[in-house]
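> all I have is the shape, not the residue letters:
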């Protein structure tokens, strides 16, 4: 049985990292989606629920137990200290959950996150696959998905700008998702070199 290996899958908004994650799942690989799991944990983790209600009050959650996102967004939007506190709380819960998810797994697994370094998940990874595409193409893709205006999109892109600079360069493998190269072929070549 092959030893467990964790590969980080990252890239800015609109780069196509979720497409790569879907391809990997179709090939039978396990992919931990940090965004999806963070949303789950914000409603199910006793540590997060009690932390949020202690700091911001019971209005953080609806009567049905769902996170009151507009209320929380209003609380942290203009308060850097509260925002950093919340990020630390959620990132640490996601790291702990990832470790549990990986427990007793063999072979290759992936962790998908736009903020792999900020959340300190790159430290757990043997490699980091960076999905990249030209900025204009990323903007077009993100705008086609809808749900975000151009100013918010540009702010998110800016906030992610330095994310890769702190990751160990020897771990990084680039996947070009500009359309000029076959995405499937690039994934297969990386998998062949990793197996």
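Ah, there it is. For clarity, every value in this text was computed on a predicted model and none was experimentally measured.
> go through stretch 131-141 and flag the buried ones.
Neighbour-count burial for stretch 131-141, counted by 16 or more other C-beta atoms under 10 Å, picks out 131, 132, 133, 138, 139, 141. All C-beta spots, glycine's among them, are computed from the backbone N, C-alpha and C.
> oh, I was asking about stretch 103-119
Quick answer for stretch 103-119 (16+ other C-beta under 10 Å): 108, 109, 110, 111, 112, 113, 114, 115, 116, 117, 118, 119.
> can you give me the end-to-end span of it?
19 Å (C-alpha to C-alpha, to the nearest Å).
> ditto for stretch 118-134
Rule used - C-alpha to C-alpha; the end-to-end distance of stretch 118-134 is 22 Å.
> off-centre distance for that stretch?
Taking C-alpha atoms, centre = their mean, to the nearest Å, one finds stretch 118-134 lying 9 Å from the centre of the chain it belongs to.
> which residues sit against it?
Contact with stretch 118-134 is made by 5-11, 14-17, 19-20, 34, 87, 91, 94-95, 98-99, 110-111, 113, 116, 141, 163-164, 166-168, 171-178, 190, 194, as judged by C-beta atoms under 8 Å, 6 or more residues apart in numbering.
> ok so, going back, quick check: the two most widely separated of the buried residues of stretch 131-141?
131 and 139 (15.3 Å; C-beta to C-beta).
> and the gap between residue 187 and residue 172?
If you measure residue 187 against residue 172 using C-beta to C-beta, to the nearest Å, the figure is 15 Å.
> who has more neighbours, these two?
Set residue 187 next to residue 172 and count neighbours by other C-beta atoms under 10 Å: residue 187 wins out with 19 against 15.
> residues in contact with the nearest residue in space to that one that is not next to it in sequence?
Closest residue in space to residue 187, ignoring its immediate chain neighbours: residue 23 at 5.7 Å, by C-beta to C-beta, 6 or more residues apart in numbering. Listed by C-beta under 8 Å, 6+ apart, the contact set of residue 23 reads 183, 184, 187.
> burial check on the nearest residue to the first one once chain neighbours are set aside, number of neighbours?
Among residues not flanking residue 183 along the chain, residue 177 sits closest, at 5.9 Å (C-beta to C-beta, 6+ apart). Neighbour count of residue 177, defined by other C-beta under 10 Å: 24.
> thought residue 177 was touching residue 184?
No. Counting by C-beta atoms under 8 Å, residue 184 is not a contact partner of residue 177; they are 11.2 Å apart.
> any idea how far residue 106 is from residue 191?
Counting by C-beta to C-beta - residue 191 and residue 106 are separated by 16 Å.
> which SS class is residue 128?
strand (DSSP: H, G, I helix; E, B strand; the rest coil).
> what are the buried residues along the longest helix seen in the chain?
What stands out as the longest helix in the chain, according to DSSP state H, is helix 80-102. If you call a residue buried by 16+ other C-beta under 10 Å, then helix 80-102 has these buried ones: 86, 89, 90, 91, 93, 94, 95, 97, 98, 102.
> right, I'll leave it there.
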